[in-house]
Every structure is written in structure tokens, then in C-alpha cells.
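*Asks:* here's a sequence, model it:
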Amino acid sequence: MKSTCIKRNVLTLGLLCAFGIVSVYAEGDLTQQANDPTASLMAVQLIDNYTSDFYNAYEGETANSVSFRAAYPYKWGESNHIARVTLPSVTDSPSGNTGIQDMTLFDMTVFPAEWGRFGLGVVGAVPLADGNDQWSLGPAFGFVNNTLTKGLNIGVFNQNLFRVAGSDNRPYTRVSSLQPILNYSIGGGWNIGTGDTQYIYDWESSQWASLPIGLQVGKLVKFDQLPVMFSVQYVHNFADEVNMGNGLFAPTPKTTLTFTAKFLFPTF
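*Replies:* Residues are numbered from 1 along each chain as shown. Below is the predicted model:
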């Protein structure tokens with residue numbers, strides 16, 4: 001009877017693993033992969049960005065936005081891909097304007113290397129925000145070295161968006177973002193790093209639109225067999241004079257707190 005029970009338990013566990021319900025990753029490995037944008041890890045994120053202060057015209061004002069992001073790894077022939085969609089929505093702003101913002105679509109082909117992984121892909125923006133009909137497209141590139149020391153990710157992630165269609169009456173979209181990847185898993189599901197810190201350069205106005213420094217602290221928690229990465233990030237932006245022309249400066253965010261819940265669905 002005992003042998004039969006053991007066999008049933010092993011069979012049940014195997015079926016759960018096959019359907020991705022039970023993770024076969026060690027906790028440390030999963031924590032490290034959760035902070036690696038090149039990892040073949042299916043994930044769904046809920047992100048809340050709270051801006052506690054602005055520069056220039058909106059100094060002392062606050063704002064808030066909520067984003068949904070999903071990443072899905074898949075194979076195309078012999079190639080490994082990661083597809084990602086991000087849909088933000090402004091829930092509070094100094095101007096009073098709220099609602100759905102432009103959706104970003106991303107697809108990267110990932111290549112393994114002795115030192116980690118690198119990827120090449122394409123990113124596009126679909127205009128969903130009111131008053132914006134700029135369709136944008138551009139290349140993306142990223143790499144992560146995860147072999148320097150156990151638990152450490154180090155690399156960079158670059159995305160570029162250039163206007164390909166839309167109204168000529170609006171300024172063209174020509175921006176590049178550079179995300180440094182620096183994250184360290186310190187054990188017990190805890191990790192610390194730079195998070196989703198993005199340096200943004202506007203080619204149209206030839207200036208940095210965002211020059212941030214940020215710190216993120218996260219913790220991997222399991223609800224039954226579902227791993228969830230909770231994190232909080234503080235970002236201070238040093239781009240305080242984003243020139244709009246005619247002596248006007250954009251009301252850029254000064255300090256931002258980001259709260260994230262990342263639901264992980266490891267694939268096998």
C-alpha cells in the first residue's frame with residue numbers, strides 16, 4: 001500500500017511539473033532568472049509607479065500609473081524567442097489627464113553564450129493614448145553575464161523607437177532607452193539591484209530625457225506552488241532641464257517609487 005501511494009505521488013508531481021504548475025528551479029536560480037530579461041521565463045507583472053515630485057512647472061505635484069506586462073518564451077524553428085507586451089495606464093496626473101497609454105510590443109531572439117546570453121530583436125509602439133497617433137518601430141539588443149559569480153546578473157538592455165507612421169502635425173518619436181542590468185541574489189529569495197532603471201535619449205531634441213539612479217529590493221515568495229517576486233524601487237532622475245523650446249522646460253519626474261508583483265510560470 002505504501003509503495004502504491006509513493007508511486008501515485010511521484011506520478012502526480014510529474015504531471016504538475018509537465019504542466020508548469022510546480023517549479024523545478026532551485027529558489028536561487030529562479031530569483032536570478034526573474035531579474036534577467038533574456039531568461040526563458042514566462043511571467044506576468046503588475047507595476048505601480050508613483051511619482052512624488054516633479055521638476056519645473058509641476059514641482060510639488062504627484063502622479064501615478066499602473067502597468068500590465070507579460071513575457072512569453074517560445075521557439076520558432078530552432079530559435080529561442082521572448083515576446084513581451086507592456087500596457088500602461090495613467091491613474092493620476094498633475095494635468096488631470098488619465099487613461100490608457102501607448103502599448104509596447106517586443107520580440108527578441110535569444111542566443112546562449114559561454115558567459116550567459118545575448119539577444120537581438122525588434123520593439124514597436126502602438127498608439128492608444130488620446131491625441132497620439134505615432135506608430136514607432138526600432139531595433140533592440142541585450143546581453144546578460146551570469147557567470148562572474150553565483151547569483152549575479154550584469155549586462156545591458158537597449159531599445160530604440162523611431163516613428164514609421166502617423167500625423168505630421170506632431171513631433172516625431174525618435175528615442176533610445178538604455179537599461180543597465182545589475183542584480184544580485186543574496187539568498188533566502190532576496191535580491192538587490194538597479195531594477196527597471198532606464199536612461200532615455202531623445203534624438204529629436206538632442207537631449208537626455210531621463211538620467212536616473214535607482215535601487216530595487218525584491219523578495220521571492222511562494223503561494224502554494226506559485227512563485228511571485230515582490231519588489232520596491234526608488235529612482236531619482238537628474239534630468240531636470242528637458243528643453244521643450246521657446247524657453248520652456250518639460251515637467252519631468254524627479255523622484256519615483258515603483259511597486260511590482262511579478263508572477264512567475266517557469267517553462268521546461
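*Asks:* what about Asp196, which SS state?
*Replies:* coil (DSSP: H, G, I helix; E, B strand; the rest coil).
*Asks:* who are the neighbours in contact with it?
*Replies:* Asp196 is in contact with 179, 214, 216, 233, 258, counting by C-beta atoms under 8 Å, 6 or more residues apart in numbering. In this view, the C-beta of every residue, glycine as well, is placed from N, C-alpha and C.
*Asks:* off-centre distance for the helix or strand containing Tyr201?
*Replies:* If you go by DSSP states H and E, Tyr201 is part of strand 199-202. Chain-centre distance of strand 199-202: 16 Å, with C-alpha atoms, centre = their mean, to the nearest Å.
*Asks:* now stretch 239-247
*Replies:* Worked out by C-alpha atoms, centre = their mean, stretch 239-247 lies 27 Å from the chain centre.
*Asks:* that stretch: which residues count as buried?
*Replies:* 239, 242 (16 or more other C-beta atoms under 10 Å).
*Asks:* hmm, who's touching it?
*Replies:* With C-beta under 8 Å, 6+ apart as the test, stretch 239-247 has contacts from 55-56, 202, 205, 207-212, 249-250, 252, 254.
*Asks:* among these, which two are most distant?
*Replies:* Farthest-apart pair in the contacts of stretch 239-247 is Ser205 and Lys254; separation 19.5 Å (C-beta to C-beta).
*Asks:* bridging residues for Ala43?
*Replies:* Beta-bridge pairing for Ala43 (DSSP bridges): Ala71, Leu264.
*Asks:* report the contact partners of it.
*Replies:* Neighbours of Ala43 in contact, by C-beta under 8 Å, 6+ apart: 34, 70-71, 262-265.
*Asks:* hmm, back to that, kindly reformat the contacts of Asp196 as JSON lines containing distance to Val123 and pLDDT.
*Replies:* Output for the contacts of Asp196, formatted as JSON lines (distance: C-beta to C-beta, whole Å; pLDDT from 0 to 100):
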{"residue": "Gln179", "distance to Val123": "12", "pLDDT": "96"}
{"residue": "Gly214", "distance to Val123": "21", "pLDDT": "95"}
{"residue": "Gln216", "distance to Val123": "22", "pLDDT": "97"}
{"residue": "Gln233", "distance to Val123": "22", "pLDDT": "98"}
{"residue": "Thr258", "distance to Val123": "20", "pLDDT": "98"}
